[in-house]
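Enquirer: only geometry, no sequence info:
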């Protein structure tokens, strides 16, 4: 979805009004967070957006004229169907889409920019979730499942937010695939035992947790080589492009989940990995296997088997589906279009064209059955 301009401020307490606000910069509205204007999302009002699917060929490696993403964007006024669930449902009907787990656009970059103030991070997260419940609900006619966000910076506050989400009908929740920050600049894995109260409630409630692509703070590694201190979003230098293609943030996050034993402590956990692609999966499985063969006594079970039991993956449409299914299993790969974003598919159901060489049963699993299993419908 494209959020309305008040999505993060409608319910934000007055004392934070200067911490997160929209400001005018040379006639353009920008988002200012803790006194810093962010260019990560050039137009945070979403009044004008790129055409859905405008960058799909670019991400397939088809850009013979070498045009920039800005040149390819073909901007349009944001349709109401991208902001309202009733109109979105009509659009889904015309697209042949039965149901959708739907994610916010701005939320993925906020936590990295508020991490120096834990109280603010949780206040903004709760403000967004209240807006989401108002405008979309967490379950719209059992077909649109809008995903509320959870911050774990203060583990106890994260549990309280999850309790509130569950009380209001959430079927799944979103966490950032990144180390959990502390105000002093250090961070730690969300799979460590200090977060077990959160994972215990996730397991006992029967919901799943989604990890959508976000600003995971990994630009700091590129900054070691190129300098700079602002997440560039889609404005990638060549080196940033290489690092982005490596998918380090999701690789490291999922490796930490296996290494820190959260799935052993909570065998009922289900994790969905969304808009992070799947090209990293083979490398991760190879690393799991190499380490296991060297130190089998460090594990109760082969880490590849643990991973395949607990993690569902939504690949990018341009990736090799058959190969990913061979790696993860037919029951762990999920259709996703990223619609209406420009890097996704203009016609979501055409994802099925990437599955033409697969058995009908596998196609049915990928195009819906696996997601239903993940979110428990």
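Expert: Cool, got the structure. Note that the structure is a prediction, hence the values are computed from the model and not measured.
Enquirer: wait, what's in contact with residue 358?
Expert: By Cβ atoms under 8 Å, 6 or more residues apart in numbering, residue 358 lies in contact with 321, 322, 325, 330, 366. Every C-beta, even on glycine, is put in place using the N, C-alpha and C of the backbone.
Enquirer: list the buried residues in the helix or strand bottoming out on mean pLDDT in the chain.
Expert: Ranked by mean pLDDT, DSSP states H and E, the weakest helix or strand in the chain is helix 238-246, scoring a mean of 82. By neighbour count with 16 or more other Cβ atoms under 10 Å, helix 238-246 contains the buried residues 240, 243, 244.
Enquirer: what's the answer for stretch 306-317, then?
Expert: 306, 307, 308, 310, 311, 312, 313, 314, 315, 316, 317.
Enquirer: low-confidence ranges in the stretch 151-300 of the chain?
Expert: Scanning the stretch 151-300 of the chain for pLDDT under 70 picks out the ranges 228-236.
Enquirer: how far does the strand or helix carrying residue 162 sit from the chain's center?
Expert: Element membership for residue 162 (DSSP states H and E) is helix 155-167. Distance of helix 155-167 from the chain centroid (Cα atoms, centre = their mean, to the nearest Å) equals 19 Å.
Enquirer: list the buried ones in that helix?
Expert: Buried residues in helix 155-167 (16+ other Cβ under 10 Å): 155, 157, 158, 159, 161, 162, 164, 165, 166.
Enquirer: dig out what the residue nearest the centre of the chain forms beta bridges with.
Expert: Nearest to the mean C-alpha position of the chain, by Cα atoms, centre = their mean, lies residue 212 at 1.0 Å. Counting by DSSP bridges, residue 212 forms beta bridges with residue 274.
Enquirer: can you give me how far the longest helix seen in the chain is from the chain middle?
Expert: Determined from DSSP state H, the single longest helix within the chain is helix 118-135. How far helix 118-135 lies from its chain's middle: 17 Å, per Cα atoms, centre = their mean.
Enquirer: helices and strands around it, which ones?
Expert: helix 107-114, helix 155-167 (3 or more Cβ pairs under 8 Å, 6 or more residues apart in numbering; DSSP states H and E).
Enquirer: my read is residue 7 is in a helix, agree?
Expert: No. Under the criterion used here (DSSP: H, G, I helix; E, B strand; the rest coil), residue 7 is coil, not part of a helix.
Enquirer: since we're on the residue nearest to it when sequence neighbours are not counted, how many residues are nearby?
Expert: Closest residue in space to residue 7, ignoring its immediate chain neighbours: residue 131 at 4.7 Å, by Cβ to Cβ, 6 or more residues apart in numbering. By other Cβ atoms under 10 Å, the residues close to residue 131 number 21.
Enquirer: would you list the helices and strands packed on helix 118-135 in a markdown table and tack on distance to residue 71?
Expert: Below are those laid out as a markdown table (distance: least, Cβ to Cβ, whole Å):
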| stretch | distance to residue 71 |
| --- | --- |
| helix 107-114 | 23 |
| helix 155-167 | 40 |
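Enquirer: and those: which comes nearest residue 48?
Expert: helix 107-114 (18.6 Å; Cβ to Cβ).
Enquirer: elements contacting that closest one?
Expert: Applying 3+ Cβ pairs under 8 Å, 6+ apart, one finds that helix 107-114 contacts strand 28-33, strand 36-38, helix 118-135.
Enquirer: let's go with 7 Å and repeat that
Expert: helix 118-135 (3 or more Cβ pairs under 7 Å, 6 or more residues apart in numbering; DSSP states H and E).
Enquirer: contacts for the following helix or strand past the helix it packs on?
Expert: Per DSSP H and E, the first helix or strand lying C-terminal to helix 118-135 is strand 144-146. Contacts with strand 144-146, where a contact means Cβ atoms under 7 Å, 6 or more residues apart in numbering, come from 85, 88-89, 100-102, 132, 136-139, 171-172, 375.
Enquirer: from the buried residues of stretch 306-317, which land in strands?
Expert: Among those, the members found in strands (DSSP state E) are 311, 312, 313.
Enquirer: closest to residue 120 among those?
Expert: Of these, the one sitting nearest to residue 120 (Cβ to Cβ) turns out to be residue 311, at 31.0 Å.
Enquirer: please name the nearest non-neighbouring residue to that closest one.
Expert: Spatial nearest neighbour of residue 311, chain neighbours left out: residue 271 (4.9 Å); criterion: Cβ to Cβ, 6+ apart.
Enquirer: could you pull up phi and psi at the residue of the chain positioned farthest from its centre?
Expert: Most distant residue from the mean C-alpha position of the chain: residue 297, 33.9 Å away (Cα atoms, centre = their mean). When quoted as degrees, to the nearest 10, the phi and psi of residue 297 stand at phi -70, psi -10.
Enquirer: also residue 248?
Expert: Dihedral angles (degrees, to the nearest 10) for residue 248: phi -60, psi -40.
Enquirer: and it, how many neighbours?
Expert: 14.
Enquirer: you'd agree it is up against residue 218?
Expert: Yes. With contacts counted by Cβ atoms under 7 Å, residue 248 reaches residue 218, the gap being 5.7 Å.
Enquirer: what sits against residue 177?
Expert: By Cβ under 7 Å, 6+ apart, the neighbours of residue 177 are 211, 214, 216, 249, 250, 253, 276.
Enquirer: next, count neighbours for the nearest residue to residue 38 once chain neighbours are set aside.
Expert: Of all residues not flanking residue 38 in the chain, residue 31 sits nearest, at 5.5 Å (Cβ to Cβ, 6+ apart). Residue 31 has 23 neighbours, counted by other Cβ under 10 Å.
Enquirer: so who does residue 260 touch?
Expert: Counting by Cβ under 7 Å, 6+ apart, residue 260 touches 189, 191, 192.
Enquirer: most neighbours among those residues, please name it.
Expert: residue 191 (24 neighbours).
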